[in-house]
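**Q** structure, please.
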Amino acid sequence: MEVDYALDEEDKEGLKVLVTYFGSKVSHLQEVKLDKLIYIAQLYHYANYGELLTKIPFFSLSRGPHAPAIRSVIKEQLESRAIYLKVVPSNKDPFNPCLIIRSHELKDKIQYTACLNTLREVLEDWGDKHFKDILDYTTRTIPFISTTYRDPIDLTRTQPLKDLKCVLSLSERISIHQFVQAPEGPYDRGIGRDGSHPLSVIEVAEIYLALCGVLPGKIPSRKHLGFNIQAVLEAFGTLDEKNEDGASKHFMDIHKATQLTDALMNSKGFGHLTHRVALKAGMLFLRRLGYSFEKNDLEEEFPLPYDYKTLREWFAKVSVKVVTG
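**A** Next up, the predicted model:
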């Protein structure tokens, strides 16, 4: 795919401001870290304000989101001496120094308040973090893992959501991978959930990665990148927010788990793995509401065909409520 990396002057000047800002604020700023910090800024800004911070294209590559345009802008700024490179000892190998990007304090204040708020938030969250932590974060964000390898990451495919900038901790990922491998067993409250739903979109994405065989602490391989995030979000949007009058909590729990599973299956969001992802998501949904599953029941029964009625009957049969309230 041919992609034009050229930027117009307005885009270029905006990118230079970002480079200069991080160069003046981050003490150990190598180019690879700058690349990821600008991606995070783009992600935060869209999630918070519903608009893009910069028009430069980021691509879903083997080592995370990457914007080729950043290098050419850095080169221009070095030539104009707006920034400079400083030789410092490497954190890993003191006998092999590395180059970090430095700049003087910003001469011109950033006029756009929202932009400055975003940059300060990124600086507070990630400015002093090691690159490996930043890489781990960016390669688990929904926009990255939902974008096919080498394609541009288009944040505007989805409505602005706080979940776009959220990722699971390593312990949370491990918990989900363990559940995917062995959903049976006693109830474990596990990860708490904020909001009205006991399951989040990023957790469904992690179920997908677990079924692909991606280890919790590893960067997803190129062949596993890409799924229909909009279809998944729409599936979550079909969930009933209110209980039906007169319906028992047990009935509504089973109904909502079935509703989510059915919607995810119909979304075809995860290709050939869609049905397996949907079924595990429905089971994890119930697990979070205080249900457990018996291994023998899971081995003996399987919900075929995949229709709402069959799924509801299956969830009701294999799940046991063990926590009240």
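**Q** ramachandran coordinates for the residue positioned nearest the centre of the chain?
**A** Central residue of the chain (Cα atoms, centre = their mean): Thr141, 2.2 Å from the mean position. In terms of degrees, to the nearest 10, the main-chain angles of Thr141 are phi -70, psi 150.
**Q** quick one: the helices in the stretch 101-250 of the chain?
**A** 113-126, 131-138, 142-145, 170-181, 201-212, 229-237, 249-267 (DSSP state H, counting those that start in this stretch).
**Q** angle of the last one against helix 201-212?
**A** Think helix 249-267. Counting by axes from the mean of the first three to the mean of the last three Cα atoms, to 10 degrees, helix 249-267 lies at 60 degrees to helix 201-212.
**Q** repeat that for the fourth one.
**A** Helix 170-181 runs at 60 degrees relative to helix 201-212, counting by the same axes, to 10 degrees.
**Q** so how many other residues sit close to the spatially closest residue to Gln77 that is not a sequence neighbour?
**A** Closest residue in space to Gln77, ignoring its immediate chain neighbours: Ile83 at 4.5 Å, by Cβ to Cβ, 6 or more residues apart in numbering. For glycine as for every other residue, the C-beta is placed from the backbone atoms N, C-alpha and C. Using other Cβ atoms under 10 Å, Ile83 has 22 other residues around it.
**Q** contacts only, for Ile83.
**A** 19-20, 23, 74, 77, 101-103 (Cβ atoms under 8 Å, 6 or more residues apart in numbering).
**Q** pLDDT score for it?
**A** Here, the pLDDT recorded for Ile83 equals 92.
**Q** between the contacts of Ile83, which sits nearest Val277?
**A** Nearest to Val277, judged by Cβ to Cβ, of the contacts of Ile83 is Val19 at 39.1 Å.
**Q** mind showing which ranges of the stretch 101-250 of the chain have poor pLDDT?
**A** Residues of the stretch 101-250 of the chain meeting the criterion pLDDT under 70: 105-112, 185-197, 240-247.
**Q** any chance you could map the strands in this protein?
**A** For the chain, applying DSSP state E gives strands covering 59-61, 64-66, 83-88, 98-103, 291-293, 319-321.
**Q** TSV for the helices of the stretch 101-250 of the chain, including mean neighbour count and distance to Asp8?
**A** Converted to TSV, those look like this (neighbours: other Cβ atoms under 10 Å; distance: least, Cβ to Cβ, whole Å):
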stretch	mean neighbour count	distance to Asp8
helix 113-126	17	18
helix 131-138	17	26
helix 142-145	24	24
helix 170-181	17	40
helix 201-212	22	34
helix 229-237	18	29
helix 249-267	21	37
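**Q** in CSV: the ones you listed, plus distance to Pro68.
**A** What follows is these, written out as CSV (distance: least, Cβ to Cβ, whole Å):
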stretch, distance to Pro68
helix 113-126, 21
helix 131-138, 16
helix 142-145, 16
helix 170-181, 30
helix 201-212, 26
helix 229-237, 24
helix 249-267, 32
